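Peer 1: Return a 3D structure for these sequence lines:
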Amino acid sequence: MIGLVDGNNFFVSCERIFDPSLEGKPVAVLSNNDGCVISRSQEFKNLQIPMGTPYFQLREAEKYHGLIFRSSNYELYGDISRRIVAVLREIAQDVEQYSIDEAFIQVPIEDLEECHRFGQFLRRRVLRWVGIPCGIGFAKTKTLAKIANHVGKKRPEGVFVMPEDPSAVLATVPVNEVWGVGRRLAPKLERLGIRNAQQLAEKDDDFLLKRFSISLARTALELRGVEAVTADSQHDIAQSLTCSRSFGRPVLDFADLAESVAHYAAQAAAQLRRDGLVAAGVNVYFQYHPEAGPPPREGGFTSTTLSFPAPTASTGDIIKAISPKLPAIFIPGRRYKKSGVLFFGLESTSHQQLQLFSNREDNSRKERLAAAMDDINRHYGRGTLFNLAEGISRPWSMKRERLSPSYTTSWKQLLQVK
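Peer 2: Okay, here's the model as predicted:
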């Protein structure tokens, strides 16, 4: 059986681990720059406040309804996610992390009741060892496990095992909630009379292939209990990797823009190394605000693209290549709202083509240096070591006025027991 383990209201649940006073209260986590709601406790959901509501619309309700907001603490959430996966790997045969709050597991259990008991045991273990309540769904395929998880999260025991004949369950699931369908595709299916998951499962493969894509045909197969979504089909090497943030305030100085680009490039380079990838080049961009005038000026982007001498994931080499190109895309007098980097031409280091005239000794030294920095930052917390080009005070960084401490990733912010 395939199981999907999903942390309930994950970001809020992470906040509650270290702040029990948040239990039973309407809590929400806000997006970058404290912009809008991206995670809600059940108490917050009960107030009928939808996901994505801008914070400025909730300021009055914050006073009168006792709403509690927290800024996104991605360092904390990422570490709690890692701990959950570690627990799962001690118990399950095969664990495949799908997102920060979801992981697929393989269990050698066919009996439905036994699978349900195993799910309850697993849920108790994660709650006790990590502190995160989870929903767990079991089924024959990943797509069905997704649906089973959705059902399980609404049940008191938090676990649901898809029956041998899932048609009755699938008939209650709107087609737009099926994994792999999405908002854009759902209206097209609905116009053809395919309004729920069961109707999609019953559709002819040739029809889906001709009218839509092989991806949707695979989804239909999965709904019938035929495994069609494999690890390879889900985790092919990405074509690009991006890192960008909106600034906490308008930025006018070139030095601040250059620091932000170096910082985002360093974060993306670290992700490349974690994934065992190198990039052939990068696109760098600045985004600026519109101006009311006089005279009025439209907002827009300015960017540059460059290829590296050889594919790389070395932070130093990447920043060294980017920095000389930035003055050409800087427009003095504009107020900038965002910057970012997008790496392209990604390839695995295990299949990387070596350069005939490359300096292998120099490359080896850079790899060891990057590995040492990564190890230190993993052990002592992100940002313990960084390139000076990334800046120190970083006044341009995104606004997080309600940020909780990084309890598990920073020695300076460890919880103190008195």
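Peer 1: Show me the helices in the stretch 101-250 of the chain, by range?
Peer 2: Using DSSP state H, counting those that start in this stretch, the helices assigned to the stretch 101-250 of the chain run over residues 112-129, 142-152, 167-170, 182-191, 197-201, 205-211, 214-223, 231-234.
Peer 1: what angle sits between the fourth one and helix 214-223?
Peer 2: The reference is to helix 182-191. Relative orientation of helix 182-191 and helix 214-223, computed by axes from the mean of the first three to the mean of the last three CA atoms, to 10 degrees: 80 degrees.
Peer 1: Now the helix or strand hosting Phe44: buried residues?
Peer 2: Per DSSP states H and E, Phe44 falls inside helix 42-45. Using 16 or more other CB atoms under 10 Å as the burial criterion, the residues of helix 42-45 that qualify are Glu43, Phe44. The C-beta positions use only the backbone N, C-alpha and C, and glycine is treated the same way.
Peer 1: What is it packed up against?
Peer 2: strand 27-30 (3 or more CB pairs under 8 Å, 6 or more residues apart in numbering; DSSP states H and E).
Peer 1: Need the contact partners of the helix or strand containing Ala61.
Peer 2: Under the criterion DSSP H and E, the helix or strand holding Ala61 is helix 59-64. Residues outside helix 59-64 that contact it (CB atoms under 8 Å, 6 or more residues apart in numbering): Leu47, Ile49, Leu67, Phe69.
Peer 1: Number of residues surrounding Val261?
Peer 2: Summarising burial for Val261: neighbours were counted as other CB atoms under 10 Å, giving 27.
Peer 1: host element of it?
Peer 2: Secondary structure from DSSP H and E places Val261 in helix 254-274.
Peer 1: same question, Phe69
Peer 2: Phe69 belongs to strand 68-71 when elements are defined using DSSP H and E.
Peer 1: returning to that earlier point: how far off centre is the helix holding Val261?
Peer 2: Taking the mean C-alpha point of helix 254-274 and that of its whole chain, the gap between them comes to 18 Å (CA atoms, centre = their mean, to the nearest Å).
Peer 1: same for the next helix-or-strand element following that helix, what does it pack against?
Peer 2: For helix 254-274, the following helix or strand on the C-terminal side (DSSP H and E) is strand 277-288. If you count contacts as 3+ CB pairs under 8 Å, 6+ apart, strand 277-288 packs onto strand 240-251, helix 254-274, strand 300-312, helix 315-322, strand 336-344, strand 347-348.
Peer 1: Save the ones you listed as CSV, and put in mean pLDDT and distance to Asn387 too.
Peer 2: Written out in CSV, the entries for the helices and strands packed on strand 277-288 read as follows (pLDDT from 0 to 100; distance: least, CB to CB, whole Å):
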stretch, mean pLDDT, distance to Asn387
strand 240-251, 87, 14
helix 254-274, 93, 6
strand 300-312, 90, 15
helix 315-322, 94, 6
strand 336-344, 92, 14
strand 347-348, 84, 24
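Peer 1: looking at those, which is closest to Ile136?
Peer 2: When the helices and strands packed on strand 277-288 are compared for distance to Ile136 using CB to CB, the nearest one is helix 254-274, at 26.8 Å.
Peer 1: what's the angle between the closest one and strand 336-344?
Peer 2: For helix 254-274 and strand 336-344, the angle between their directions (the same axes, to 10 degrees) works out to 30 degrees.
Peer 1: Check which residues of helix 254-274 are buried.
Peer 2: Residues 256-270, 272-273 are the ones in helix 254-274 that count as buried (16+ other CB under 10 Å).
Peer 1: How far does the helix holding Ala61 sit from its chain's centre?
Peer 2: Here the centre of helix 59-64 is set off from its chain's centre by 29 Å, with CA atoms, centre = their mean.
Peer 1: likewise stretch 63-77?
Peer 2: Mean-position distance between stretch 63-77 and its chain equals 18 Å (CA atoms, centre = their mean).
Peer 1: How about stretch 146-161?
Peer 2: Worked out by CA atoms, centre = their mean, stretch 146-161 lies 22 Å from the chain centre.
Peer 1: what's the pLDDT at Gln416?
Peer 2: At Gln416, the pLDDT value in this model is 79.
Peer 1: picking up where we left off before, could I get the helices and strands packed on strand 277-288 in JSON lines, plus columns for distance to Asn32?
Peer 2: Supplementary listing: the helices and strands packed on strand 277-288 in JSON lines, determined by distance: least, CB to CB, whole Å:
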{"stretch": "strand 240-251", "distance to Asn32": "6"}
{"stretch": "helix 254-274", "distance to Asn32": "13"}
{"stretch": "strand 300-312", "distance to Asn32": "18"}
{"stretch": "helix 315-322", "distance to Asn32": "22"}
{"stretch": "strand 336-344", "distance to Asn32": "10"}
{"stretch": "strand 347-348", "distance to Asn32": "30"}
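Peer 1: wait, which of the ones you listed is closest to Arg83?
Peer 2: helix 254-274 (16.8 Å).
Peer 1: circling back to that earlier point, in the next helix or strand after the strand holding Phe69, which residues are buried?
Peer 2: Sequence-wise, the next helix or strand beyond strand 68-71 is helix 74-91, with elements assigned using DSSP H and E. Within helix 74-91, the residues that qualify as buried are Glu75, Leu76, Tyr77, Asp79, Ile80, Ser81, Arg83, Ile84, Val85, Val87, Leu88, counting by 16+ other CB under 10 Å.
Peer 1: tilt between helix 74-91 and helix 112-129?
Peer 2: Using the same axes, to 10 degrees, helix 74-91 lies at 140 degrees relative to helix 112-129.
Peer 1: Just the C-alphas of helix 74-91, formatted as PDB.
Peer 2: Included here for helix 74-91 are C-alpha records, laid out as PDB according to Å, rounded to 0.1, in the frame of the first residue of the first chain:
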ATOM      1  CA  TYR A  74      10.800  29.000   6.900                       C
ATOM      2  CA  GLU A  75      13.900  27.900   8.800                       C
ATOM      3  CA  LEU A  76      11.700  26.400  11.600                       C
ATOM      4  CA  TYR A  77       9.200  24.800   9.200                       C
ATOM      5  CA  GLY A  78      12.000  23.200   7.100                       C
ATOM      6  CA  ASP A  79      13.700  21.700  10.200                       C
ATOM      7  CA  ILE A  80      10.400  20.300  11.600                       C
ATOM      8  CA  SER A  81       9.700  18.800   8.100                       C
ATOM      9  CA  ARG A  82      13.100  17.100   8.200                       C
ATOM     10  CA  ARG A  83      12.400  15.700  11.600                       C
ATOM     11  CA  ILE A  84       9.100  14.200  10.400                       C
ATOM     12  CA  VAL A  85      10.700  12.500   7.500                       C
ATOM     13  CA  ALA A  86      13.400  11.100   9.800                       C
ATOM     14  CA  VAL A  87      10.700   9.500  12.000                       C
ATOM     15  CA  LEU A  88       8.900   8.100   8.900                       C
ATOM     16  CA  ARG A  89      12.200   6.600   7.600                       C
ATOM     17  CA  GLU A  90      12.600   4.700  10.900                       C
ATOM     18  CA  ILE A  91       9.300   3.000  10.500                       C
END
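Peer 1: Having no further points to raise, I will conclude here.
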